[in-house]
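**Q** predicted model follows, preceded by the sequence.
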Amino acid sequence: MRIYAICVYLFLYIPIGVIALFSFNAGRHASQLQGFSTKWYGKALNNPFVMDALETSLMVAFASALFASVFGTMAAVALQGIKGPVRTAFDLLIYVAVMIPGIVIGIATLIGLVTVFDQLNPLIASIWPNGFEPPKLRMGMGSLIAAHTMFLMALVVIIVRARLAGMDRALTEASSDLYATPMGTFRQVTLPLIFPAILAGFLLSFTFSFDDFIIAFFVAGSETTLPIYVFSSIRRGVTPEINAIGTMVMGVSLLMLITAQMLLRRGGKKTK
């Protein structure tokens, strides 16, 4: 089993290592290593199209992670007090949302948003004052944030509920015995204990949103995120600049994932 595990890890990480290696290529061809240079990192960071796509990805990832963390935490706390068939039904919906392929979520979100926009745009136009152009709902930054928030909420719910399940119920019961209000108990007892899980959920949500291509491809409209830019670029051929972009994104993603894992472990120790 150890040999099998080593082979699996090598299969997963050798291609990533090759991309990182060739990002330092001095030549212009991604498949031919012609010396060591960091010029492609500078070229990528000075490319206005890359920086615009990066800015869009950062804005979408931060907003999506923030909304998913807030709404996911609220949902997790609410579900903690539900028992029986209702809880089973909600659990099923949450895990199904995580298991559904991204392309299905992307197509379903696209169809749903287009249908809603087709219904709302004529209604807005009919009630808008004459002489002023009514706003028109369309695909863009808002649809990107909404789509990412929907599928990331399930991830935050699972993480926060796992932390809530490990809490000592005697703490909240003692707070109630001391005449604390439910909001006071949540603010002074529950929130400090689950905050590492919330922060970990935020970091994971940020990472998944920042790296997402499939869902963004369907609902981005005229917006271009960094994964969409990379996809469009590699259709014309892979260059060391693309390798440099991929290496930087990979490095940031790994750092955030490691940080989230450390926060979850730290939070687990505090609740024991």
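**A** Great, that's in hand. Numbering: from 1, shown residues only.
**Q** hey, let's count contacts and neighbours off CA atoms from now on
**A** Will do.
**Q** any weak-confidence spans in the protein?
**A** 30-31, 266-272 (pLDDT under 70).
**Q** neighbours of Met256, how many?
**A** 18 (other Cα atoms under 10 Å).
**Q** typo on my end, Leu171
**A** 13.
**Q** what's the distance between it and Leu178?
**A** 11 Å (Cα to Cα, to the nearest Å).
**Q** same question for Gly27.
**A** 70 Å.
**Q** and Arg87, by the same measure?
**A** 29 Å.
**Q** more neighbours: which of those two?
**A** Arg87 (14 against 10).
**Q** does anything pack onto whichever strand or helix holds that one? Which helices or strands?
**A** For Arg87, the host element (DSSP states H and E) is helix 85-99. On a contact count with 3 or more Cα pairs under 8 Å, 6 or more residues apart in numbering; DSSP states H and E, helix 85-99 meets helix 141-165.
**Q** can you list the buried residues in the very next helix or strand once past the helix it packs on?
**A** Remark: after helix 141-165, the chain's next helix or strand is helix 169-177, criterion DSSP H and E. Using 16 or more other Cα atoms under 10 Å as the test for burial, helix 169-177 gives Thr172, Ser175.
**Q** what helices and strands are in contact with helix 169-177?
**A** By 3+ Cα pairs under 8 Å, 6+ apart, helix 169-177 packs against helix 182-185.
**Q** now do the buried residues in the helix it packs on.
**A** Counting neighbours by 16+ other Cα under 10 Å, helix 182-185 gives Thr185 as buried.
**Q** packing partners for that helix?
**A** Checking 3+ Cα pairs under 8 Å, 6+ apart, helix 182-185 ends up next to helix 169-177.
**Q** now the helix it packs on, how far from the centre of its chain.
**A** 34 Å (Cα atoms, centre = their mean, to the nearest Å).
**Q** can I get the CA coordinates of that helix in PDB?
**A** What follows is helix 169-177, C-alpha atoms only, in PDB (Å, rounded to 0.1, in the frame of the first residue of the first chain):
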ATOM      1  CA  ARG A 169     -23.000  21.100  24.800                       C
ATOM      2  CA  ALA A 170     -22.500  21.800  28.500                       C
ATOM      3  CA  LEU A 171     -20.900  25.100  27.500                       C
ATOM      4  CA  THR A 172     -24.000  26.400  25.800                       C
ATOM      5  CA  GLU A 173     -26.200  24.900  28.500                       C
ATOM      6  CA  ALA A 174     -24.200  26.700  31.200                       C
ATOM      7  CA  SER A 175     -24.500  29.900  29.300                       C
ATOM      8  CA  SER A 176     -28.300  29.500  29.300                       C
ATOM      9  CA  ASP A 177     -28.300  28.700  33.000                       C
END
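**Q** show me what contacts Gly201?
**A** Ala65, Ser69, Leu155, Val156, Ile159, Val160, Ala260 (Cα atoms under 8 Å, 6 or more residues apart in numbering).
**Q** what does the helix holding Arg87 rub up against?
**A** With Cα under 8 Å, 6+ apart, helix 85-99 has contacts from Leu79, Phe151, Ala154, Leu155, Val157, Ile158.
**Q** pipe those residues into JSON lines and attach distance to Gly17 and neighbour count per row.
**A** Shown next, in JSON lines, are these (distance: Cα to Cα, whole Å; neighbours: other Cα atoms under 10 Å):
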{"residue": "Leu79", "distance to Gly17": "42", "neighbour count": "16"}
{"residue": "Phe151", "distance to Gly17": "30", "neighbour count": "21"}
{"residue": "Ala154", "distance to Gly17": "31", "neighbour count": "24"}
{"residue": "Leu155", "distance to Gly17": "28", "neighbour count": "21"}
{"residue": "Val157", "distance to Gly17": "33", "neighbour count": "27"}
{"residue": "Ile158", "distance to Gly17": "32", "neighbour count": "21"}
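**Q** out of these, which comes closest to Ala220?
**A** The closest of the contacts of helix 85-99 to Ala220 turns out to be Phe151 (Cα to Cα; 15.4 Å).
**Q** so what's the closest one closest to, chain neighbours aside?
**A** Ala97 (6.4 Å; Cα to Cα, 6 or more residues apart in numbering).
**Q** contact partners for Phe117?
**A** Leu137, Arg138.
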